[in-house]
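K.L.:
Quick one: sequence plus predicted model below, questions after.
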Amino acid sequence: MSAICGIFNTDGSPLANNVLQGMTASLSHRGPDGNGTWQDGPAGLGQQLFCITPESLGEKLPYCEPASGLAITADARLDNREELCAKLNIPLDQQPGIPDSMLILKSYEKWGKECPKQLLGEFVFVIWDEKRREMVCVTDHMCNKPLYYHFRPSRCFAFATEIRAIHTIPGIDRRPNLRKLATLSLFGVERESTYFEGIFLMPGATVMTITANGIHKTEYWEPDYDNRLNLKTEAEYVEAFRDVFFQAVAARLRSAFPVASLFSGGLDSSAITGTAARLLAGEGRSLTAFSAVLPDSYGGNVRDEREYIDLLQGRPALSIEYISDAWRGPFDDLERLIWSGEKPVYTSRHYLYTAFAAAAASKGVRVILDGVGGEMGPTFHGYGYYAELFRKGQWPSLLREVVARGRVEQRGCLGLIKSEVLWPLLPGWWLRRYKPRFDLVMVGQGTVLRPDFVRQQLDHKTMREYQLLSYTLGEVLPDHRKNQVKSINFVRQARTGLAFSGYEKVALSMPFLDKRVIEFCLALPGTMKVNNGYKRYMIRAGMAGILPDAIRFRTTKEPFSVDYHDRYNWQRGKVQALLQAMVKTPLAQEIVDTDRLESMLKYSMQTNRCSTPDEFSAMHMVPQGVFLLAFLNTFK
């Protein structure tokens, strides 16, 4: 993806020499296809170009239109170009070559700050409106492309795709946000804050206007809980779903370069890979699917997903490439990892994403389709649906589904009734006290933060409020749509950028985060989400004829990086040596309980399931502690 940046001196003073150029230069790793800057008086915009779509090949940004007094910088892929061109009265002969950024600018000229309601796709853009003396920043519906910003009232506003660009501005010091760091033992709080003091992240579906008087934010979209889709037959739902899903996948295949997908053999990635390959075959193009598997020489006690991955071998237009990356683990490339993500929080399996990115770059691939977000849409588990049936008195349907689910998953009906019906109906305070979620408990209890540091940053009242918020986010309500909306809102409110080494060479695109897919799946009746004992029913039904039944109706899944426990155990000695080098800074000693971290490191993982406190800590909390130390060591 491209990178954008800019600055607006809200006190009206002209930009100092080379400030904008310094911001733009700090993002040069994002601009293999060119860069540019524009400035006039108190405002300036910058761009590092990473081309993907055919229309972007001739794009020159930032762009200023003198007649309207508007200037724009953007990173965008619009998926409703034809519709927009018609509404904007753009002649047919001009439509194929017009960049998406120009369509955005013309949309702003026509609809003003209401223009995001007319746009569909993945985008972030910033417009300087000279006549109104204001800067307008816009994120897409699901925050697919992050935008960070800093604001000093009556002084300046600065924004960038990456935080490092903002820190090049004189007077904006690179300091850790201690309060944000203290929330690492919690879940889902202070989403718009970053781990740097004074730097914030724009939420999705937001228009933010900056003037001399301050900042004003408006939300232009939210998932519609009340919308309902009522069709006559399952076949009609399947046909309607395919239409929407195929559009979402096809939009992300609009690339002037080769395209790839991540393919694990599970439902989400298989649906995307199978659909993308079918669409590309019709265009005479091909898809490379990257699949994480065990090395051929592996002698451990787990198995990978080749049994399911190989079911798509031989499909037209599909080439499957196995990725093992046998000698890497969670504690490799720490310096590069922290530089890439500019935060202390990462997946402990980041090394596989680095391997995927390297493999993609070697093939000239610039966009990789990823299955993230499926469980908010067509692979939604139907949380709360059984309790909803009970609450509505639809007991025959409930009984039929419980019996079928027990048969499919080989579980007892009484256990299902307790977990799927009773727990969602009980008050939240009771569940928090007597049946708390294992992962939320472990995040709190397994933290390596020093308790006195947390108390210094968060008073008792705030801590209790944040703990309640964390638990509330994890609670299952007796209304499946409310649970679905809660998941969607959690994701769209604040999504950070890619966080793995090599991220600058590729863009990840998520078809399941397409607004059309989200709205369609939210509106579906519960019977298309949970049916005949199967959760995630829409994708199972929708992929008939595209995926083999062995994938469509599977109910098991091996973990991502199935040999993580072996890699972790191999690297424990390496980590102990790293800790000795890392913990010397006063900041690290103030924040991290290194004695506890070293104690947790003594445990040798036995499985890849992280179903016990020790296994969970090794999968999540120990790596987080090491990542945190590496992050803190960047502050000298």
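P.N.:
Now that the structure is in, tell me what you want to look at.
K.L.:
Low-confidence bits of this protein, can you list those?
P.N.:
494, 496-499 (pLDDT under 70).
K.L.:
quick one, what contacts the most centrally placed residue in it?
P.N.:
Nearest residue to the geometric centre of the chain (C-alpha atoms, centre = their mean): residue 495, 5.3 Å. Neighbouring residues of residue 495 by C-beta atoms under 8 Å, 6 or more residues apart in numbering: 142, 143, 144, 146, 204. (Each C-beta comes from the backbone N, C-alpha and C, glycine too.)
K.L.:
and which of those is nearest residue 516?
P.N.:
Distance ranking of the contacts of residue 495 against residue 516, using C-beta to C-beta, places residue 142 first at 11.4 Å.
K.L.:
Okay, the closest one and residue 220: tell me how far apart.
P.N.:
13 Å (C-beta to C-beta, to the nearest Å).
K.L.:
what about the two, which has more around it?
P.N.:
residue 142 (23 against 17; other C-beta atoms under 10 Å).
K.L.:
Please tell me I have it right and that one contacts residue 512.
P.N.:
No. In this structure, residue 142 is not within contact of residue 512 by C-beta atoms under 8 Å, at 9.6 Å.
K.L.:
Touching both of the two, which residues are there?
P.N.:
The contact sets of residue 142 and residue 512 overlap at 373, 518 (C-beta under 8 Å, 6+ apart).
K.L.:
can you list residues touching both of residue 142 and residue 220?
P.N.:
Residues touching both residue 142 and residue 220 by C-beta under 8 Å, 6+ apart: residue 205.
K.L.:
residue ranges for the strands of the stretch 301-450 of the chain, please.
P.N.:
318-323, 367-369 (DSSP state E, counting those that start in this stretch).
K.L.:
can you tell me which of those comes nearest to residue 172?
P.N.:
For these, the distance to residue 172 is smallest for strand 367-369, at 32.4 Å, taking C-beta to C-beta.
K.L.:
Tell me the strands beside the closest one, with direction?
P.N.:
The strands that strand 367-369 pairs with in its sheet are strand 259-262 (parallel), strand 507-509 (parallel) (by DSSP bridges).
K.L.:
Show me which of these has the highest average neighbour count.
P.N.:
Mean neighbour count (mean count of other C-beta atoms under 10 Å) peaks for strand 259-262 among the strands paired with strand 367-369, with a mean of 26.
K.L.:
How far off centre is that one?
P.N.:
16 Å (C-alpha atoms, centre = their mean, to the nearest Å).
K.L.:
List the contacts of that strand.
P.N.:
Applying C-beta under 8 Å, 6+ apart, the set of residues contacting strand 259-262 from outside is 252-253, 269, 272-273, 276, 280, 285, 287-291, 356, 360, 363, 365, 367-371.
K.L.:
What's the first helix or strand after that strand?
P.N.:
helix 267-282 (DSSP states H and E).
K.L.:
starting at the chain centroid, how far to that following helix?
P.N.:
The answer for helix 267-282 is 20 Å, by C-alpha atoms, centre = their mean.
K.L.:
same thing with stretch 364-378?
P.N.:
For stretch 364-378, the distance to the chain centre is 9 Å (C-alpha atoms, centre = their mean).
K.L.:
Next, the buried residues of it.
P.N.:
365-378 (16 or more other C-beta atoms under 10 Å).
K.L.:
Please apply the same query to stretch 377-391.
P.N.:
Residues of stretch 377-391 classed as buried: 377-390 (neighbour count, 16+ other C-beta under 10 Å).
K.L.:
Ends of it, what's the gap?
P.N.:
End-to-end distance of stretch 377-391 (C-alpha to C-alpha, to the nearest Å): 23 Å.
K.L.:
same check, this time on stretch 356-372
P.N.:
By C-alpha to C-alpha, one end of stretch 356-372 lies 15 Å from the other end.
K.L.:
so what's residue 492 up against?
P.N.:
Contacts for residue 492 (C-beta under 8 Å, 6+ apart) come out as 141, 142, 143, 203, 204, 205.
K.L.:
what about it, distance to residue 482?
P.N.:
16 Å.
K.L.:
quick one: which helix or strand includes residue 47?
P.N.:
Taking DSSP H and E as the definition, residue 47 sits inside strand 43-48.
K.L.:
Show me what the next helix or strand after that strand is packed against.
P.N.:
For strand 43-48, the following helix or strand on the C-terminal side (DSSP H and E) is strand 63-65. Secondary-structure packing of strand 63-65 (3 or more C-beta pairs under 8 Å, 6 or more residues apart in numbering; DSSP states H and E): strand 35-40, strand 70-78, helix 100-111.
K.L.:
among the ones you listed, which is the most enclosed?
P.N.:
Stretch with highest mean neighbour count among the helices and strands packed on strand 63-65: strand 70-78 (a mean of 26; mean count of other C-beta under 10 Å).
K.L.:
and the angle from that one to strand 43-48?
P.N.:
Between strand 70-78 and strand 43-48, the angle comes out at 30 degrees (axes from the mean of the first three to the mean of the last three C-alpha atoms, to 10 degrees).
K.L.:
From residue 158, how far out is the closest residue to residue 64 other than its chain neighbours?
P.N.:
Once flanking residues are discounted, residue 64 sits nearest to residue 71: 4.0 Å by C-beta to C-beta, 6 or more residues apart in numbering. The gap separating residue 71 from residue 158 is 16 Å, by C-beta to C-beta.
K.L.:
how much space between residue 384 and residue 535?
P.N.:
Here residue 384 is placed at a distance of 12 Å from residue 535 (C-beta to C-beta).
K.L.:
for residue 504, same thing?
P.N.:
Separation of residue 504 from residue 535 (C-beta to C-beta) stands at 37 Å.
K.L.:
same check, this time on residue 423
P.N.:
Per C-beta to C-beta, residue 423 is found 16 Å from residue 535.
K.L.:
hmm, back to that, emit the ChimeraX select command for whichever of the contacts of strand 259-262 are buried.
P.N.:
The buried residues among these can be selected in ChimeraX (16+ other C-beta under 10 Å) with this line:
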select :252,253,269,272,273,276,280,287,288,289,290,291,356,360,365,367,368,369,370,371
